[in-house]
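>>> here you go, sequence then predicted model.
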Amino acid sequence: MIRRYAFCLAIVFSVGCAATKPAPCAGEQCSKPTAAPDSSRHDNRDADGAWQEVNSPDWVATGGDADRYPHDTYLTGIAMASGEGGLKRAMADAAADLANRISVRIEHEFTDASTETNGRVDYHVAAITRMSSDVRLSGLQYEISHQGDSVYALAYVEKAQAAAQQKLLRDQAVQSLRECMVSARKRSRSGKSAEAAMAYLSCMRHLVDGLQHDAVVRTITQRGTNQVQMELVSSLQRIRDASSELVSRPATSLKEAADFLAVQLSAAGDLGNYMEAVAPFRYGTTNFSSSFGQQIALHLESALGKRLNGNTASGDSPQSKFVIQGVYFQEGENIRLSATARNIDTGALQSGAEALIAKSRIPTGIALFPKNLENAMVEQRLLSEGELVDGKLRVEIWADKGRRGVVYTEHEEIRIFIRVNAPAYVRLIYVLESGIQVPIDQGYYIDGTKVNMAVEYPDRFEVVPPFGIEHIHATAFTKPPAPLPVATRVIDGETYEVVADGLASLVRHRGIKRKKKEEVAESLISISTLPRTETPTH
């Protein structure tokens with residue numbers, strides 16, 4: 001039952017842990033070498049963007065809070081790096097920190113969209129918006145502070161400026177969508193129904209682009225539904241109705257569904273013959289995948305590979321690289337698939353596609369949903385309620401595959417990264433697919449030299465059965481936390497220390513008895529673990 005991670009019986013890891021679930025790597029590969037300090041400081045303002053050097057800025061001590069850039073008028077992000085190339089890395093990480101805060105708010109907004117009134121279309125809008133919620137902003141400015149061997153970067157932009165830029169991009173996407181729809185209608189009037197259906201479906205990339213930029217605008221300005229969003233929703237319905245000749249006929253196999261997606265993706269835009277990856281499809285408005293999501297991605301990768309003559313991206317290729325993302329959800333007796341191709345370097349959407357497959361045509365043994373989906377969503381909601389408890393202390397946690405839509409397959413390694421904005425003790429808890437909480441570390445200390453820096457947790461873990469949705473929960477404390485009560489349990493013949501009373505105990509011990517000057521913050525990452533599957537052959 002529990003075979004993914006190996007934990008010691010003691011609170012702190014020690015040499016000689018039993019390799020059970022999750023199993024830390026052995027030997028030197030478990031530790032990440034520290035880069036040598038960058039004493040040369042080859043700063044290049046022209047290459048790195050608009051920035052200014054600041055001596056002892058307030059935002060270094062406050063973890064990103066600056067009097068000059070109040071949160072009601074500015075978006076900010078902070079990072080620290082050291083070693084060779086530290087300036088560029090700090091600036092890139094600060095920009096990513098700023099964008100990630102917007103992405104998180106977009107995802108929260110669209111998570112429960114299925115409760116909205118317009119049923120299928122609203123849910124579809126929520127799914128494809130959430131799928132493409134990795135935000136990229138331009139026009140960022142930076143303050144830089146060199147302190148010893150470290151360089152701190154604060155990325156900032158006025159909310160009004162960022163919103164105006166995103167409105168411009170949204171309006172450009174909407175105009176392109178209108179022109180695309182007009183062209184498709186002309187083809188429909190000419191009697192070429194199949195060509196017209198494909199033309200309507202080619203408009204999907206403009207629609208998805210418009211939805212994403214509109215979501216960013218509404219997140220920054222904190223405004224609700226607007227006329228543009230209503231137009232986008234109506235356009236989605238018209239695309240689906242107009243393309244029904246092709247899309248409404250459910251595919252009879254995973255291969256056929258993938259082939260139809262591949263036709264649209266390759267016809268609606270030139271992928272430059274370089275495809276980086278096809279990510280496992282996510283279920284609806286969640287970040288979770290399943291055996292079905294994995295299988296459709298593998299079939300699509302195979303179908304696209306044949307259409308692109310097998311030209312996939314290589315590490316030294318100068319051509320643009322593209323990543324394919326997708327979502328799926330139930331629609332009566334069918335499953336609807338939506339996919340997009342996105343340029344990795346620019347973030348621009350290149351093409352979009354839609355397909356249906358009858359649920360009855362999905363092979364037995366390929367699960368549509370993780371077996372613990374319902375419980376996992378409850379656990380995720382309970383654990384995420386306390387994120388950023390005090391607002392001053394912040395903690396972030398992510399895996400080497402990212403923060404969202406994280407999928408690992410059997411025997412892959414999981415690496416955990418943590419970032420805090422002040423010295424802190426970080427408690428890490430792994431929530432197994434069964435709901436059992438196993439302490440990874442009750443107080444991993446990150447000192448002042450690593451504040452605002454991505455810190456890799458020293459142990460790595462290997463994915464083994466059973467599979468499903470699992471969580472890694474991080475709680476940061478400015479003072480050493482009281483240990484969680486644990487109990488010894490024997491699971492599948494292995495002895496573990498697990499959190500006594502489970503999730504209820506974990507929620508109760510969120511620092512409610514903290515001392516006067518103690519601060520607490522929380523963060524959560526959810527991952528889908530899947531069995532290894534061979535690439536399908538045609």
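Thanks, I have the structure now.

>>> from now on I want contacts and neighbour counts done on CA atoms only, so please keep to that.
Noted.

>>> would you mind splitting this protein into its domains for me?
Domain segmentation of the chain under automatic domain parsing yields 23-31+372-530, 45-160, 249-369.

>>> make TSV out of these and add mean neighbour count.
Putting the domains of the chain into TSV (neighbours: other CA atoms under 10 Å) gives the following:
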stretch	mean neighbour count
domain 23-31+372-530	19
domain 45-160	19
domain 249-369	20
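
>>> phi first, then psi, for Asp241.
phi -70, psi -50 (degrees, to the nearest 10).

>>> ok, it to Ser234 distance?
11 Å (CA to CA, to the nearest Å).

>>> and Glu519, by the same measure?
Distance from Glu519 to Ser234, by CA to CA: 47 Å.

>>> quick one, what contacts the closest residue to Arg342 other than its chain neighbours?
Nearest residue to Arg342, sequence neighbours excluded (CA to CA, 6 or more residues apart in numbering): Leu349, at 4.4 Å. Residues near Leu349 by CA atoms under 8 Å, 6 or more residues apart in numbering: Arg205, His206, Asp209, Thr340, Ala341, Arg342, Asn343.

>>> what about the stretch 351-500 of the chain, any weak spots by pLDDT?
378-391, 491-495 (pLDDT under 70).

>>> I'd like the next helix or strand past the strand or helix carrying Arg187.
If you go by DSSP states H and E, Arg187 is part of helix 159-189. Counting by DSSP H and E, the next helix or strand C-terminal to helix 159-189 is helix 193-202.

>>> list the buried ones in that following helix?
Ser193, Ala196, Ala197, Met198, Ala199, Tyr200, Leu201, Ser202 (16 or more other CA atoms under 10 Å).

>>> helix 159-189 and that one, what's the angle between them?
180 degrees (axes from the mean of the first three to the mean of the last three CA atoms, to 10 degrees).

>>> helix 193-202 - contacts with which helices or strands?
Secondary-structure packing of helix 193-202 (3 or more CA pairs under 8 Å, 6 or more residues apart in numbering; DSSP states H and E): helix 159-189, helix 227-242, helix 244-247, helix 254-268, strand 349-358.

>>> confirm that Val438 sits in a helix.
No - judged by DSSP: H, G, I helix; E, B strand; the rest coil, Val438 forms no part of a helix; its state is strand.

>>> tell me the contacts of it?
Contacts of Val438 (CA under 8 Å, 6+ apart): Phe7, Ile429, Tyr430, Val431, Leu432, Tyr496, Glu497, Val498, Val499.

>>> ok, and the closest non-adjacent residue to it?
According to CA to CA, 6+ apart, the nearest residue to Val438 is Val498 (4.5 Å).

>>> mind checking the SS state of that neighbour?
strand.

>>> what's the separation between it and Ala476?
From Val498 to Ala476 the distance is 19 Å (CA to CA).

>>> for Leu168, same thing?
Distance from Leu168 to Ala476, by CA to CA: 39 Å.

>>> ditto for Ile362
With CA to CA as the criterion, Ile362 and Ala476 are 44 Å apart.

>>> repeat for Leu337
39 Å.

>>> show me the contacts for the nearest residue to Thr478 once chain neighbours are set aside.
Leaving aside its sequence neighbours, Thr478 sits nearest to Ala424 (CA to CA, 6+ apart; 4.6 Å). By CA under 8 Å, 6+ apart, the contact set of Ala424 is Tyr445, Ile446, Asp447, Ala476, Phe477, Thr478, Lys479.

>>> can we see that at 6 Å?
Tyr445, Ile446, Ala476, Phe477, Thr478 (CA atoms under 6 Å, 6 or more residues apart in numbering).

>>> look up phi and psi at it.
According to degrees, to the nearest 10, Ala424 has phi -160, psi 160.

>>> kindly state the beta-bridge partners for it.
Ile446 (DSSP bridges).

>>> can you show me the helices along the stretch 1-150 of the chain?
45-48, 58-62, 86-111, 119-131 (DSSP state H, counting those that start in this stretch).

>>> redo those helices as JSON lines? Include mean pLDDT and distance to Leu304.
Converted to JSON lines, those look like this (pLDDT from 0 to 100; distance: least, CA to CA, whole Å):
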{"stretch": "helix 45-48", "mean pLDDT": "40", "distance to Leu304": "36"}
{"stretch": "helix 58-62", "mean pLDDT": "79", "distance to Leu304": "47"}
{"stretch": "helix 86-111", "mean pLDDT": "82", "distance to Leu304": "29"}
{"stretch": "helix 119-131", "mean pLDDT": "70", "distance to Leu304": "20"}
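
>>> which residue, other than its chain neighbours, is closest to the residue most central in space within the chain?
By CA atoms, centre = their mean, the mean C-alpha position of the chain lies nearest to Arg404, the distance being 2.1 Å. The shortest distance from Arg404 to any residue other than its chain neighbours is 6.0 Å, reached at Asn287 (CA to CA, 6+ apart).

>>> please verify my assumption that the one you found contacts Gly405.
Yes - in this structure, Asn287 is within contact of Gly405 by CA atoms under 6 Å, at 4.4 Å.

>>> next one: the residue nearest to Arg404 from Glu433, what distance?
15 Å.

>>> now do Tyr457
From Tyr457 over to Glu433 (counting by CA to CA), the distance is 22 Å.

>>> and what of Val263?
Distance from Val263 to Glu433, by CA to CA: 37 Å.

>>> same question, Ala297
Counting by CA to CA, the gap from Ala297 to Glu433 is 23 Å.

>>> could you do Arg170 as well?
From Arg170 to Glu433 the distance is 40 Å (CA to CA).
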